[in-house]
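> Sharing a sequence plus its predicted fold:
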Amino acid sequence: MQFLHGVVRLLPQLFPSRSRGAGTRVADAFRGKHKSLQAMIRKLPSGGYRLYSRKPDPRRGKRRNLGTFDTRVQAQRHERAVQYFKRRG
């Protein structure tokens, strides 16, 4: 029993990413900390913004177009809506 208490105390040191709670990596992505998970929002020559999927399409090898928006804020709002519906179960 004593051994288990020692292991439980060491868990945050062994797995620091797990000690911060579930979903922090996704939350960090919106703050710009993880480049691999950032929303793919690109500015178009026309002045609008286009949202692309995070992963490339396996058939074509390109990212899917998830919508074109007038402002970056609208694109970020849509990205959050997409993530919500992907994970709602």
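Everything's here; your move.
> rest of the way, CA atoms for contacts and neighbours
Will do.
> Specify the local secondary structure of Lys86.
helix (DSSP: H, G, I helix; E, B strand; the rest coil).
> Distance of it relative to Glu79?
As judged by Cα to Cα, to the nearest Å, Lys86 and Glu79 stand 11 Å apart.
> For those two, work out which one has more neighbours and name it.
Glu79 (20 against 9; other Cα atoms under 10 Å).
> my read: the more buried one touches Tyr52, true?
No: with contacts counted by Cα atoms under 8 Å, Glu79 stays clear of Tyr52, the gap being 9.1 Å.
> could you say which helix or strand contains Arg64?
Assigned by DSSP states H and E, Arg64 falls within strand 63-69.
> quick check: mean pLDDT across that strand?
In this model, strand 63-69 has an average pLDDT of 94.
> confidence score at Lys55?
In this model, Lys55 carries a pLDDT of 88.
> which residues touch it?
By Cα atoms under 8 Å, 6 or more residues apart in numbering, the residues touching Lys55 are Arg63.
> my guess is it is in a strand, correct?
Yes: judged by three-state DSSP, Lys55 forms part of a strand.
> how near is it to Asp70?
Distance of Lys55 to Asp70, given as Cα to Cα: 23 Å.
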